[in-house]
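Asks: Sequence and computational prediction follow.
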Amino acid sequence: MELKSKVQSSRAQAAFPALFISHGAPTLAIDGSAAHAFLKDYGRALGRPRAIVVLSAHYESPVLSVTSGRRPVTIHDFGGFPQVLHEMHYPAPGHPELADEIVALFASHGITAGLDPLRGLDHGAWVPLVLMYPDADVPVVQVSIDPARGADWHLALGASLAPLRERAVMIVGSGSATHNLGHYFRSAPGNPTPGWVAAFNDWLADRVAAGDVEALLDYRATAPYAHENHPTEEHFMPLLAALGAAGGAVAGSRVHHSYEHGVLSMDTYAFGGP
């Protein structure tokens with residue numbers, strides 16, 4: 001029993017990988033897809049972190065902000081989806097002390113940030129987390145992004161958070177490996193994946209596996225069909241933050257691969273850690 005206790009204690013304090021999760025449509029929470037099943041299993045496989053910090057594509061702000069409320073509400077920031085999604089709530093606690101520490105970490109790297117005690121958890125945060133940690137007992141803090149500041153800034157943003165991983169805080173970038181909603185809403189479940197989507201998605205997996213930071217930072221110029229797969233950049237920037245949180249030039253692993261409607265990649269990547 002003593003040895004088992006020591007092993008469990010060691011695992012609880014180990015650094016979690018920094019994750020990039022493609023959160024897809026809000027229906028991920030209820031649809032029973034391959035990505036849905038993966039996230040339910042993946043949370044159990046990773047174990048319970050002390051806290052989770054999420055950089056979501058749906059928390060954009062020109063002034064860098066960190067959520068600091070003790071009881072963040074569930075934000076239903078979507079429309080046109082089943083009513084059951086609007087009735088779902090993810091009552092995970094916040095962590096004001098961790099929020100203060102994050103602001104201090106940013107300041108030590110020359111990045112100015114403020115606290116937002118009123119903002120809740122958007123669907124880029126709670127939809128994957130309701131699958132991974134359904135008990136909602138892990139504190140969650142969100143950090144905003146700003147696509148206007150570019151790729152390098154988001155890599156540095158994630159790098160500022162890296163020390164938290166050594167204390168069993170999970171860093172999650174939540175976006176989408178491909179994100180052309182116009183094509184998504186014109187497609188249907190089970191549609192084949194077009195070549196222009198597969199080409200970008202395969203390029204991304206190859207560059208992540210190679211730890212090719214330069215290519216990832218310059219993806220708009222170096223990746224095939226980058227503009228077609230990301231007409232806007234907010235769903236790609238969280239991947240760069242996750243890469244930064246793992247230390248930058250490290251090879252990542254694609255731990256899940258699937259598509260919705262043939263055009264929306266649901267891939268998840270893990271950077272660093274076991």
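Replies: Noted; the coordinates are in hand.
Asks: ok, now which ones touch Leu105?
Replies: Contacts for Leu105 (Cβ atoms under 8 Å, 6 or more residues apart in numbering) come out as 160-161, 163-164. Yep, even glycine has a C-beta here, placed from its N, CA and C like the rest.
Asks: repeat that for 6 Å
Replies: Ser160 (Cβ atoms under 6 Å, 6 or more residues apart in numbering).
Asks: and it, what element?
Replies: In this assignment (DSSP states H and E), Leu105 forms part of helix 96-108.
Asks: What residues of that helix count as buried?
Replies: 96, 98-99, 101-103, 105-106 (16 or more other Cβ atoms under 10 Å).
Asks: same check, this time on stretch 200-219
Replies: Neighbour-count burial for stretch 200-219 [16+ other Cβ under 10 Å]: 200-201, 203-205, 207-208, 211, 213, 215-217, 219.
Asks: So the nearest residue to His183 once chain neighbours are set aside versus Asp77, what's the distance?
Replies: Ranked by Cβ to Cβ, 6 or more residues apart in numbering and with sequence neighbours excluded, the top spatial neighbour of His183 is Val263, at 4.6 Å. Val263 sits 22 Å away from Asp77, going by Cβ to Cβ, to the nearest Å.
Asks: Neighbour count: those two, which is higher?
Replies: Between Val263 and Asp77, Val263 has the larger neighbour count (other Cβ atoms under 10 Å), namely 26 against 14.
Asks: can I assume that one is in contact with Ser187?
Replies: Yes. At 5.4 Å, Val263 counts as touching Ser187 under the criterion of Cβ atoms under 6 Å.
Asks: coming back round to it: dump the buried residues of helix 96-108 to JSON lines, plus pLDDT and distance to Met237.
Replies: Putting the buried residues of helix 96-108 into JSON lines (pLDDT from 0 to 100; distance: Cβ to Cβ, whole Å) gives the following:
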{"residue": "Pro96", "pLDDT": "98", "distance to Met237": "25"}
{"residue": "Leu98", "pLDDT": "98", "distance to Met237": "22"}
{"residue": "Ala99", "pLDDT": "98", "distance to Met237": "20"}
{"residue": "Glu101", "pLDDT": "98", "distance to Met237": "22"}
{"residue": "Ile102", "pLDDT": "98", "distance to Met237": "17"}
{"residue": "Val103", "pLDDT": "98", "distance to Met237": "20"}
{"residue": "Leu105", "pLDDT": "98", "distance to Met237": "19"}
{"residue": "Phe106", "pLDDT": "98", "distance to Met237": "16"}
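Asks: Which one of these is nearest to Val169?
Replies: Val169 lies nearest to Leu98 out of the buried residues of helix 96-108, by Cβ to Cβ, at 7.3 Å.
Asks: And the closest one, how far from Pro139?
Replies: Counting by Cβ to Cβ, the gap from Leu98 to Pro139 is 7 Å.
Asks: Give the pairing partners of the longest strand seen in the chain; include direction for each.
Replies: Determined from DSSP state E, the single longest strand within the chain is strand 51-60. As defined by DSSP bridges, the strand partners of strand 51-60 come to strand 140-145 (parallel), strand 169-175 (parallel).
Asks: circling back to that earlier point, what's the distance between the residue nearest to His183 and Trp203?
Replies: Taken as Cβ to Cβ, the span from Val263 to Trp203 is 16 Å.
Asks: And Trp153, by the same measure?
Replies: Per Cβ to Cβ, Trp153 is found 22 Å from Trp203.
Asks: Likewise for Met266?
Replies: Applying Cβ to Cβ to Met266 and Trp203 gives a distance of 17 Å.
Asks: And Leu19, by the same measure?
Replies: 20 Å.
Asks: again, but for His36
Replies: 26 Å.
Asks: just checking, next helix/strand downstream of the helix or strand where Arg207 lies?
Replies: Remark: Arg207 resides in helix 195-210, with elements defined by DSSP H and E. The helix or strand immediately downstream of helix 195-210 is helix 213-217, counting by DSSP H and E.
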